[in-house]
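**Student:** coordinates for the following, if possible.
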Amino acid sequence: MSTELVHRPRLDDVRRRVRERVPFSWRLAVRRAPHHLLWRVAPPRTLPVGPPLTEVVCERTSPLRRPGTTYELPVQAAKEHNVATAARALHGRTIRPGEVLSWHAHVGPPTLARGFALGPELHDGRVALGAGGGLCQVANLLYWLAVHGGMLMMERHRHDLDLFPDDQRDVPFGLGATVFWPRRDLVVGNPHPVSLHVSMEVADGLLVGRLTAEGPLGAHWGVREVDHRFVRRGDTIRRENRLVRWRNDLSGTMSEEALAEHSARVAYAVAPELVEDR
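**Tutor:** Got it, this is the predicted structure:
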């Protein structure tokens, strides 16, 4: 006990000094190096590519540019390039019954050498440029399709920072996924007795996602939000909520399951009357 009390503060102090003095990109390159080597030596198995299936399960579009969330033009162009690159990697993947779709297995390391550009991403809680920045828009859409397609959530990570206020958004806060190679993956499974097919394309300034199946799945799925609030905790304001996924089968029977809980630091101004003190 005494040894831990003596050495733990020193270890935390060393880590803090490393974060302050060594650029994020350098630290990230060191951590990723062995994973890049493993990727080259033993690349993961990917799902086959095929045409869309007969039954449309769900579909959604996401604008590449929207008021309040658009970056300076060179950065925005890089983000859109990265979105299109990831969409091509996922487009047409067929998930047979019992199989899983892993983001990292199909999109892979987001490096300049693999065709990704320097787009916006979070470095130590701040927006900066990084190879593959902006890919979360595709991950968000893939997660939406999986949720509304009744798929299993095998691995999913929430966003730690709420960057922009709501503007023309029609989904609850937190209905998305963040990915960061190689640690934070998005993995979804097919629990249905028929195959599923993912379509993901960029067209006319929109990211278009569609999930199709070999036949009817016997139900429809959706999401509702519970306990949404802005809360002041210490010197920061956090946005919190819970998401519940509902299922409506062909007989009209409804059921619900807890989907996720969220708590993210808010990076924009919030009207004082909307904030609770805790």
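**Student:** quick one: Glu276 and Arg233 touch, right?
**Tutor:** No - counting by C-beta atoms under 8 Å, Glu276 does not reach Arg233; the two are 9.8 Å apart. Where C-beta positions appear, they are placed from N, C-alpha and C, glycine not excepted.
**Student:** mind listing the strands for the stretch 101-250 of the chain?
**Tutor:** Under the criterion DSSP state E, counting those that start in this stretch, strands of the stretch 101-250 of the chain are mapped to 118-123, 126-131, 152-155, 161-162, 187-189, 196-203, 206-213, 219-233, 236-249.
**Student:** spit out the contact partners of the residue nearest the centre of the chain.
**Tutor:** By C-alpha atoms, centre = their mean, the chain has its centre lying nearest to Ala177, at 2.2 Å. By C-beta atoms under 8 Å, 6 or more residues apart in numbering, the contact set of Ala177 is Cys136, Ala139, Asn140, Leu142, Tyr143, Arg156, His157, Arg158, Leu186.
**Student:** go again with 10 Å.
**Tutor:** Ala177 sits next to 103, 136, 138-144, 146-147, 153, 155-159, 184-186, 188, 260 when contact means C-beta atoms under 10 Å, 6 or more residues apart in numbering.
**Student:** what about the closest residue to it other than its chain neighbours, how many neighbours?
**Tutor:** With sequence-adjacent residues excluded and distances taken as C-beta to C-beta, 6 or more residues apart in numbering, Ala177 is closest to Tyr143, at 4.1 Å. In terms of burial, Tyr143 registers 23 neighbours under the definition other C-beta atoms under 10 Å.
**Student:** how close does Tyr143 get to Val75?
**Tutor:** Tyr143 is 24 Å from Val75, where distance means C-beta to C-beta, to the nearest Å.
**Student:** between Glu276 and Arg233, what contacts are shared?
**Tutor:** Taking C-beta under 10 Å, 6+ apart as the criterion, Glu276 and Arg233 both touch Glu240.
**Student:** so where is the stretch 151-278 of the chain shaky, pLDDT-wise?
**Tutor:** 168 (pLDDT under 70).
**Student:** show me the one of the strands of the stretch 101-250 of the chain that comes nearest Ile95.
**Tutor:** Distance to Ile95, taken as C-beta to C-beta, is lowest for strand 196-203 among those, at 4.6 Å.
**Student:** bridging residues for Ser263?
**Tutor:** Residues in a beta bridge with Ser263, per DSSP bridges, are Glu240.
**Student:** now do the end-to-end distance for stretch 149-159.
**Tutor:** Terminal residues of stretch 149-159 are spaced 22 Å apart (C-alpha to C-alpha, to the nearest Å).
**Student:** now do the buried residues in that stretch.
**Tutor:** Buried residues in stretch 149-159, defined by neighbour count with 16 or more other C-beta atoms under 10 Å: Gly149, Gly150, Met151, Met153, Glu155, Arg156, His159.
**Student:** thought the third one was touching Leu211?
**Tutor:** Yes - contact between Met151 and Leu211 holds when scored by C-beta atoms under 10 Å: they sit 8.3 Å apart.
**Student:** isn't Glu261 up against Asp227?
**Tutor:** Yes - Glu261 is within contact range of Asp227, at 8.9 Å (criterion: C-beta under 10 Å).
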